[in-house]
Structure formats: structure tokens, C-alpha cells
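1. need a structure here:
(one chain, ligands or ions: 3)
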Amino acid sequence: MSGARHVDVGGAAPYRIAIGDGLLRDGAALASHVRGRHAFLVSDANVAPLYARDVADAIQAARPDVRCIVSCMPAGESAKTLDRFGELLRELADFGATRDACVFALGGGVVGDIAGFAAACWMRGIDCVQLPTTLLAMVDSSVGGKTAVDLPQGKNLVGAFHPPRAVFADTATLRTLPDRELRAGLAEVVKYGAIRDDAFLDWLDAHAEALLARDAGALAEAIARSCAHKAAIVERDPLEHGERALLNFGHTFAHAIETEQGYGGLNHGEAVAVGMVRAAHLSTQLGLADAADARRLEALLARFGLPVEVPAGLAPDALVSRMRLDKKAAAGRLRFVVWRGAGRAEVLSDVPDDAVLAVL
Ligand SMILES: NC(=O)c1ccc[n+]([C@@H]2O[C@H](COP(=O)([O-])OP(=O)(O)OC[C@H]3O[C@@H](n4cnc5c(N)ncnc54)[C@H](O)[C@@H]3O)[C@@H](O)[C@H]2O)c1
Ligand SMILES: O=C(O)C(=O)C[C@@H](O)[C@H](O)[C@H](O)COP(=O)(O)O
Ligand SMILES: [Zn+2]
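-> Numbers count the residues shown, from 1 in each chain. Ligands and ions are numbered 1, 2, ... in the order given. Modelled structure (predicted):
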């Protein structure tokens, strides 16, 4: 447990992101965020058998006065539902969790989003500590306080902003992460380069093999740089009144695809890869950026083994209909995150449907 790196997220409710190997073994550090006597550890069917008992025991050993229980939910996007959210609230009630209870979200973005939402709602808001175990959760979902569940009609339609008290990204957990999920996380890493850091895209290209081979140094660097980008944005615009929308690059397309596939097709990172390439082509189509920029992004994502085409069988007009419930839409009009080339993203209103259909 040596050489942990830290990224601080400022703003009205500041917190620290710790990134390092073995952080989940530090029961005292985890337990220091429990103000009361209840620690509610949420995990999923893949992650819990690997890590939950050890984490709960570490918290318990550091704080014998705290009761720590483990709640294990089914794995995957299809479990990020209102029903499962209700189940978590009922478990909190049975546990007798008081307002000073702390929810620990141990898993990927699905666990982070739903456990964070339960923490946001239980007794109108209790503490939440994010313990991300996927690359995607380490670089994105554990940071910034967006929590949510999906509806059949659309992704993340019910949720709240509820920043965590702390984030512990234990990079040792990435050793058990399936390859497909590692690649999915790389899509959101690429996103930071695409929206605000051209040089980061070059770095990712140069370190692609090391990242895919799970080189510890390369992964820690990618996580720290990604978290620094996200922190810089969310501390200035925590509630997405402005620049935070840039973090949605590719997501209008991605969410439409995920919803249309019933949350059982592409995973979120894969859909974001497809979506970012569509957003880049849309920018070219609208005369905002060179086609070469889109080709460069596409090549990098393909190098990471990510899909770049809309899956066969999804009708373009059905996807555009799904986009009507995108949370960036306003006054009945869609808004897209487009770019003027690598590192220069912006939000654009009034994009004609024809232009969107053309890139689908
Ligand atoms: N709140 C935000 O700001 C934000 C940002 C990005 C994504 N998200 C959300 O995050 C979700 C996607 O998160 P994800 O990609 O982490 O998916 P996920 O949570 O479904 O995890 C992916 C898979 O990996 C398994 N897994 C997790 N950690 C593991 C480990 N260390 N070893 C072995 N298996 C492991 C999980 O059980 C699951 O099967 C989506 O719902 C997306 O909407 C939210
Ligand atoms: O933190 C943000 O802001 C993001 O947009 C990060 C996205 O990667 C993430 O997928 C987020 O959950 C999307 O939010 P939504 O508001 O479009 O549902
Ligand atoms: Zn995302």
C-alpha cells in the first residue's frame, strides 16, 4: 500500500480521490468516514465474492463499534433499476440505518450509481464513500456525484447529485477485471482527451499497449490524469449548468443505443466509444472540424478494441426518438456535445435531425 496518488475535488463539498494498490485493506482510512454506527456496503454478484468480506472485516476491525453489513445486488446494467433501488432502501430500513450511517459503494459504475442514489435519498441524504473496482468507475462514475437508476424509457432518468465523502480507487482490483470491462473504461479515459486535452490523446496512443497489458504505472497515470480532468470540471460546475455537459461527449448517441438495446447490448463504455465517433462525424458534417480528427479518434478507440459503429439492427429514427429524453434537451430541442477538433468540445443547440440521421 505504498505510493498512493491523490486528486482533490474542490467546491462546496470537497473530497479526496485516493488512487493506489491495496487501498481497500486500509480499514482505518475507510472507517474514518463513518460518523455513526452503521456501515452499509453495497456490491454486486461478481465483486462481492472477491472483495466485500475483506473490506467489511477491515472496517469492522478498525472500528469495532460500527456494524458493517454487505448488500449484494445482481451484476450489470439491467440491475440499475427503481426496483433494486427500492430494495436497497428497504435493506437500509431493516438495518436501522440512522442519519449518520455511511454507504460504501464497492463495484463498478452500476453499484456506484445506485448505491449513491440510495445514499442521496435515505433520510434525505447520508454519507457515501465510493470504492470503484472498474477502470470506468475509477476514472468517471465514482467522481462528481451524479447518481441514478435507469428506466426502460431512458438511461439515468431518475437520480440526484450527491457527491461522495471520499473515493478510494484500489488499482489492485483491476487485476480481476474482465478485458471487455477494461476496454470500456478506456473509452471514458479517451473522452477526457477528446474534450479538453489533445496531448493526453497522444499519450494514450503512445501507451496503448501498456494500458491494455495492465501495466500498473500506465494505469495509475491514466486514472490520475482522468480524475484531475473530471475534478476540474465538476468543482466549477457540480450541477451541470454549463461546462459539465462536455463530459457528455458521445453520450446522446450512447444512451440512445443502450436504451434501444434494453441495457443488454453494448456496455456503457462501448456505447460511449461509438457515440464519440458519431459526435466527431457529426461535427465534421456540420463543418466544425476536419474529417481527419474523427479518423484519429476512431483509430485510437479501435486500437483499444472498442466498437466504433452503431450495432446492426438499430433503426436510426428509433435512436433519434430515444434522444428526445436526453437530459441536455431543452425547450423541445436536442443539444449535442460536438468538437472543433481534438481537445476542443462545446455544446451545440438546434442540430438538424437530418445531420444526426446522416451519421447514424
Ligand atoms: N455517475 C457518473 O458520473 C457515471 C459516469 C460514467 C458511467 N456511469 C454509469 O456507470 C455504469 C457503467 O459502469 P461500469 O462500466 O463500471 O459497469 P458495471 O458496474 O456493470 O461493471 C462492469 C462488470 O464488471 C464487474 N466487475 C466490476 N469490478 C470488477 C473487478 N474488479 N473484478 C471483476 N469483475 C468486476 C461487474 O460485476 C460487472 O459485471 C453505467 O450505468 C453508467 O451509466 C456513471
Ligand atoms: O459526470 C458527468 O457529468 C458525466 O456526464 C459523465 C458520464 O460519463 C456519465 O455517463 C454520466 O452518468 C452521464 O450522465 P447523464 O446526466 O447524461 O445521465
Ligand atoms: Zn459515461
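2. going forward, measure contacts between C-alpha atoms and count neighbours the same way
-> Fine.
3. is the longest helix seen in the chain up against ligand 2 anywhere?
-> Using DSSP state H, we find that the single longest helix of the chain is helix 216-236. No: applying Cα under 6 Å from any ligand atom, one finds helix 216-236 out of contact with ligand 2, separated by at least 7.4 Å.
4. grab the nearest non-local neighbour of the residue positioned nearest the centre of the chain.
-> Compute the mean C-alpha point of the chain, and by Cα atoms, centre = their mean the closest residue is S141, 2.6 Å away. Nearest non-adjacent residue to S141, counting by Cα to Cα, 6 or more residues apart in numbering: G109, 5.4 Å away.
5. residues from the protein in reach of ligand 1?
-> So the chain meets ligand 1 at 44, 46-47, 75-77, 107-111, 113, 133-134, 136-137, 140-141, 146-147, 173-174, 176-178, 181, 268 (Cα under 6 Å from any ligand atom).
6. restricted to strands, list those.
-> Applying DSSP state E to the residues of the chain next to ligand 1, the entries found in strands are D44, G107, K146, T147.
7. and the residue of the stretch 201-350 of the chain nearest ligand 1?
-> Using Cα to the nearest ligand atom, the single residue of the stretch 201-350 of the chain nearest to ligand 1 is H268, 5.4 Å away.
8. isn't that residue up against A254?
-> Yes: at 7.2 Å, H268 counts as touching A254 under the criterion of Cα atoms under 8 Å.
9. compare those two (neighbour count), which wins?
-> Legend: neighbour count by other Cα atoms under 10 Å for H268 and A254, higher for A254 (28 against 24).
10. roughly how far apart are the more buried one and L177?
-> 22 Å (Cα to Cα, to the nearest Å).
11. do the same with A160
-> In terms of Cα to Cα, A160 sits 28 Å off from L177.
12. those two: who's more crowded?
-> Higher neighbour count among A160 and L177: A160, with 20 against 16, using other Cα under 10 Å.
13. now do the SS call for the more buried one.
-> Under DSSP: H, G, I helix; E, B strand; the rest coil, A160 falls in the strand class.
14. do the same with C68
-> C68 ends up strand, using three-state DSSP.
15. excluding covalently adjacent residues, which one is nearest to it?
-> A39 (4.5 Å).
16. show me what contacts that neighbour?
-> Shown in contact with A39 (Cα atoms under 8 Å, 6 or more residues apart in numbering): V66, R67, C68, I69, A101, C102, V103, F104.
17. what does this protein put close to ligand 2?
-> G144, K146, N156, R244, L247, N248, K327.
18. now with 8 Å, please.
-> 140-141, 143-148, 155-157, 188, 230, 234, 240, 244-249, 251-252, 255, 268, 326-328 (Cα under 8 Å from any ligand atom).
19. what residues does stretch 291-300 touch?
-> When contacts are defined by Cα under 8 Å, 6+ apart, stretch 291-300 is touched by residues A194, D205, V277, A280, H281, T284, V308, G341, A342.
20. go again with 6 Å.
-> For stretch 291-300, the surrounding residues in contact (Cα atoms under 6 Å, 6 or more residues apart in numbering) are V277, A280, H281, T284, G341.
21. neighbour-wise, which of these leads?
-> Going by other Cα under 10 Å, A280 tops those with 33 neighbours.
22. in three-state terms, label the closest residue in space to it that isn't next to it in sequence for me.
-> Leaving aside its chain neighbours, A280 sits nearest to A294 (5.1 Å; criterion: Cα to Cα, 6+ apart). Following three-state DSSP, A294 is assigned to helix.
23. ok, back up a step: so of the residues of the chain next to ligand 2, which ones are in helices?
-> Reading helices off the residues of the chain next to ligand 2 with DSSP H, I get E188, K230, V234, H251, T252, H255, H268.
24. domains of this structure?
-> Following automatic domain parsing, the chain resolves into domains at 5-176, 191-359.
25. quick one: the ones you listed as CSV, columns for mean pLDDT too.
-> As requested, these are arranged in CSV below (pLDDT from 0 to 100):
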stretch, mean pLDDT
domain 5-176, 98
domain 191-359, 97
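26. my read: the residue nearest to S141 touches V139, true?
-> No: the pair G109 / V139 is not scored as a contact, 10.1 Å apart, by Cα atoms under 6 Å.
27. the residue lying closest to W122 once chain neighbours are set aside: neighbour count?
-> Leaving aside its sequence neighbours, W122 sits nearest to L89 (Cα to Cα, 6+ apart; 6.7 Å). L89: 20 surrounding residues under other Cα under 10 Å.
28. now do L211
-> 22.
29. and what of A331?
-> The number of residues packed near A331 is 5, by other Cα under 10 Å.
30. distance-wise, check it relative to ligand 2.
-> Distance of A331 to ligand 2, given as Cα to the nearest ligand atom, to the nearest Å: 17 Å.
31. residues touching that residue, list them.
-> Contacts of A331 (Cα under 6 Å, 6+ apart): none.
32. distance of S78 from L177?
-> Taken as Cα to Cα, the span from S78 to L177 is 19 Å.
33. tell me the pLDDT of S2.
-> Looking at S2, its pLDDT reads 57.
34. measure stretch 19-35 end to end?
-> First-to-last residue span, stretch 19-35, Cα to Cα: 23 Å.
35. go on, stretch 330-338?
-> 17 Å.
36. report the distance from it to the chain centre.
-> Relative to the chain's own centre, stretch 330-338 is displaced by 22 Å; criterion: Cα atoms, centre = their mean, to the nearest Å.
37. in that stretch, which residues are buried?
-> L334, R335, F336, V337, V338 (16 or more other Cα atoms under 10 Å).
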